[in-house]
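Peer 1: all I have is the shape, not the residue letters:
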């Protein structure tokens with residue numbers, strides 16, 4: 001026997017990990033939208049008129065964030081000036097497909113896109129850095145540079161805030177890596 005949606009009694013499509021409710025697709029989306037809206041409003045994350053950069057990698061987290069921010073900004077009249085901010089690290093063959101996704105997101109959500117490269121911001125690409133330092137720890141360097149590039153891009157584009165999408169797996173991974181490394185003080189930073 002098929003399980004029923006706990007909200008509308010239609011056929012359930014999934015069991016929600018957070019609440020263990022069986023939900024249909026439409027009710028799941030509505031619950032998620034309501035929770036995000038409640039988080040935004042109860043924490044006063046934005047003020048009308050603010051310019052908000054949506055960090056856009058082209059992955060699922062940033063695409064969902066772009067969708068959610070655009071939808072809620074329109075639905076609840078937040079009055080935000082949204083734009084996509086994407087960083088091209090300059091790694092041959094790495095960012096090409098995801099930049100195409102970001103360009104499609106620009107069209108889909110009707111918000112402008114600004115792509116900045118490491119070369120523009122720093123005067124060199126990640127490929128040039130790797131050629132100088134080798135491949136050891138290059139992912140660590142790139143992650144630090146990318147976060148700094150988003151900050152710099154936000155300043156250059158006059159963003160009041162930068163929104164970035166993350167999921168529970170990202171948070172769990174960060175915590176576990178910090179524990180494994182014995183980097184307990186980092187918990188205060190993250």
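Peer 2: The structure has been received and is ready for your questions. Note that the structure is a prediction, hence the values are computed from the model and not measured.

Peer 1: residues in contact with the strand ranked longest in the chain?
Peer 2: Counting by DSSP state E, the longest strand found in the chain is strand 81-88. Outside strand 81-88, the residues within contact range by CB atoms under 8 Å, 6 or more residues apart in numbering are 49-58, 66, 69-70, 73, 95, 99, 102, 105-106, 109, 111-118, 146, 149-150, 153-154, 157, 159, 162. The C-beta positions use only the backbone N, C-alpha and C, and glycine is treated the same way.

Peer 1: could you identify the helix or strand that succeeds that strand?
Peer 2: Using DSSP states H and E, the next helix or strand after strand 81-88 towards the C-terminus is helix 96-109.

Peer 1: and that next one, what other elements does it pack with?
Peer 2: Applying 3 or more CB pairs under 8 Å, 6 or more residues apart in numbering; DSSP states H and E, one finds that helix 96-109 makes contact with helix 60-75, strand 81-88, strand 113-117.

Peer 1: and with 10 Å instead?
Peer 2: When contacts are defined as 3 or more CB pairs under 10 Å, 6 or more residues apart in numbering; DSSP states H and E, helix 96-109 packs onto strand 51-55, helix 60-75, strand 81-88, strand 113-117.

Peer 1: neighbours around residue 177, how many?
Peer 2: The tally of other residues near residue 177 (other CB atoms under 10 Å) stands at 12.

Peer 1: can you list the buried residues in the host helix or strand of it?
Peer 2: Per DSSP H and E: residue 177 is located in helix 168-181. The neighbour-count check on helix 168-181 (16 or more other CB atoms under 10 Å) flags residue 178 as buried.

Peer 1: if anything else comes up later, I'll come back, but that's it for now.
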